[in-house]
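Trainee: From the sequence below, what's the structure:
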Amino acid sequence: MPILKSSSEAFPASRKVMSDIPYVLRVEFRDLARETHKIVGKPIACHKCNGFLMSADQIQHDPKVGKHFVCPFCGTLNVIEGEIVIAGNETEFVVQPPPEKTTSRGQVAPAGGSFLAVIDVSGSMAGANLAAVKRSLTTSIESLAANSPETLFGLVEFESSVAVRNLETGERVEVPCETFANLDQIMEATKRLLDRVRLIKVGPNLSGLKRHVSSLREMGGTALGPAVAVAYVIAKHRNIARVVLLTDGLANEGIGALEGYQVTPAGSYYATLGTMFRELGTAFDVVGIASGAGMELKTLGLLPEATGGQMYYVTPNELDRSLSELAGASLLGRDVEIRLLTPKGVRVKDASGVSRAAIEEITKTGSGRIGAVGEDHELYVEVEPESEIRSAQVPVQVQVTYTDEEGARRVRAVSTNLRVTSDERDLVATLDPTMSATFVTQKAGEDAFGGKRAAGADRIAGFRAALAKKTKAAPKAVQARMKRADDALASEEANLQEMESKMAAAPAQGGAPCAAADEAFTRGFKQMKRSSKELFDEKEDE
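Mentor: Modelled structure (predicted):
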């Protein structure tokens, strides 16, 4: 599938044309794995909006100005000097080569091949939960050793203390507890310990890694907030691609504690760290192990929400599958930035499938920083005409800038022209309602993750009603896709209604975290990131 697709081959000439069905553009990041035309070097770009030169037909010659092109997106005249590099409809630019490989004793990870486990070993983990963590983590390490032996692995363990395991010697390198009340102090203390922190390759060190995991023992409280700060420092200085937090309890010691009065509110603390991880291009995953008590996953979920990570709420018996999915999921790009270019008169109305911070950036400026992306990540951007469009076509260009698994900086640029129409029948004739349905599902997930499950259900119901009005006039092939979209949406709407009922039936706990809330927010999170592939059970070859 192409990385860029529109919900119809035509584009509405004004807001009056099919305004009740969102017109969306989809950026499907799994397409980054597909080889395409590649150019080593930088494209010719508009100096005002950064739109790339797409075609030789755009180049004009003037005796006074010289070779130049007028940007189709912002109208700026750009003088062309030097070699002419044309982006075309789809091109991959390698704008920065990968760093030279060095022999650093496994200290700094390659861009994609690194995995840092942050393990809760507090007293609440005693018994079945810690046993399940050790079993699942061992299985994941074995899988990495077999399928990705060069992956570097690191281990942070926390209870009342936080320790980084030196995996060459087995030494527990403890971060001073007296720093735990302040983020800056935790980070400075961790930096001073970095020389004693060792990550090692999974393949050649499998037996030693399994021995270290087996030696994990439960101890005191839950200094989860300080542990996340320690993980950030390691991720930054060791180029970690993926951090996975496994916990079953409520953070209750140090900054980021989720109970009692805190000088720095927990929500603000984890949101700040989420932004910091996003700027690194590191995916942060949270695996909550159900134990009957609440973990406030609504707040911890700010970390994966910001970074393109995943969140799970599982029983000890379900842990194997979750960790296996994370260990086997490759990141196609890190430190991903998206830029969408459209001409004047076409505006970005909304977006979905990425963090709320990125959505705000994209809707305001047309560009945003996403974090990390994998095979199932999809971004949807809703666009609409600001006023009546009189041109026959609307040019659209998307630029995806990312760091690949070798550490090279790349830009995938895709351009297309959408035919403008004032006839709704033209839009419906090539309509793919599954795209708008996925967008609406993701927006409903945003509602649910924000605690507004009823609003999410209403959003889906409203879209289903609007879609039903179009069915009769649609071609048979489009009608079939509409039926498919409605069936999927009915299931998503029922999911939200079910969780709303569960929350209403949950025992009142005076605002304290509860298991029902953890499940509800995790399901909302997953809905917020739902891909069309998952929603419609698409096969790889479709």
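Trainee: Just the buried positions in the helix or strand of the chain with the lowest mean pLDDT, please.
Mentor: Each helix and strand of the chain was given a mean pLDDT (mean pLDDT, DSSP states H and E); the minimum falls on helix 319-328 at a mean of 85. Neighbour-count burial for helix 319-328 flags 319-320, 322-323, 326-327 (criterion: 16 or more other CB atoms under 10 Å). No exception for glycine: its C-beta is placed from N, CA and C like everyone else's.
Trainee: can you check stretch 365-385 too?
Mentor: Applying a neighbour-count criterion of 16+ other CB under 10 Å, the buried positions in stretch 365-385 are 366-385.
Trainee: Averaged pLDDT, that stretch. What do you get?
Mentor: When pLDDT is averaged over stretch 365-385, the result is 96.
Trainee: for the least confident helix or strand of the chain, packing partners?
Mentor: Helices and strands touching helix 319-328, as assessed by 3 or more CB pairs under 8 Å, 6 or more residues apart in numbering; DSSP states H and E, comprise helix 128-147, strand 242-247, strand 283-289, strand 311-314.
Trainee: quick one: buried residues of the longest one?
Mentor: This means helix 128-147. Within helix 128-147, the residues that qualify as buried by neighbour count (16+ other CB under 10 Å) are 129-130, 132-141, 144-145.
Trainee: could I get the residues you listed as CSV with distance to Arg242 and pLDDT?
Mentor: Written out in CSV, the entries for the buried residues of helix 128-147 read as follows (distance: CB to CB, whole Å; pLDDT from 0 to 100):
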residue, distance to Arg242, pLDDT
Asn129, 22, 87
Leu130, 22, 90
Ala132, 20, 92
Val133, 17, 92
Lys134, 19, 92
Arg135, 20, 93
Ser136, 16, 92
Leu137, 14, 92
Thr138, 18, 93
Thr139, 17, 92
Ser140, 11, 91
Ile141, 14, 92
Leu144, 11, 89
Ala145, 16, 90
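Trainee: Would you mind putting those into a markdown table with distance to Asp31 alongside?
Mentor: Converted to a markdown table, the buried residues of helix 128-147 look like this (distance: CB to CB, whole Å):
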| residue | distance to Asp31 |
| --- | --- |
| Asn129 | 39 |
| Leu130 | 40 |
| Ala132 | 36 |
| Val133 | 35 |
| Lys134 | 38 |
| Arg135 | 36 |
| Ser136 | 31 |
| Leu137 | 32 |
| Thr138 | 34 |
| Thr139 | 31 |
| Ser140 | 27 |
| Ile141 | 31 |
| Leu144 | 25 |
| Ala145 | 30 |
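Trainee: could you pull out the strands for the stretch 351-500 of the chain?
Mentor: 367-374, 378-385, 393-403, 409-421 (DSSP state E, counting those that start in this stretch).
Trainee: Rounded mean pLDDT for the last one, please.
Mentor: Right, strand 409-421. When pLDDT is averaged over strand 409-421, the result is 97.
Trainee: How about exporting that strand as PDB, limited to the C-alpha atoms?
Mentor: Backbone C-alpha positions of strand 409-421 (Å, rounded to 0.1, in the frame of the first residue of the first chain) are rendered in PDB as follows:
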ATOM      1  CA  ARG A 409      18.400  10.300   8.600                       C
ATOM      2  CA  ARG A 410      15.900   9.900   5.800                       C
ATOM      3  CA  VAL A 411      13.000  11.800   4.300                       C
ATOM      4  CA  ARG A 412      10.200   9.900   2.400                       C
ATOM      5  CA  ALA A 413       8.400  12.400   0.200                       C
ATOM      6  CA  VAL A 414       5.100  11.500  -1.500                       C
ATOM      7  CA  SER A 415       3.100  13.900  -3.700                       C
ATOM      8  CA  THR A 416      -0.300  13.600  -5.400                       C
ATOM      9  CA  ASN A 417      -2.900  15.700  -7.100                       C
ATOM     10  CA  LEU A 418      -6.600  15.500  -6.000                       C
ATOM     11  CA  ARG A 419      -9.300  16.300  -8.600                       C
ATOM     12  CA  VAL A 420     -11.600  19.000  -7.300                       C
ATOM     13  CA  THR A 421     -15.400  18.500  -7.600                       C
END
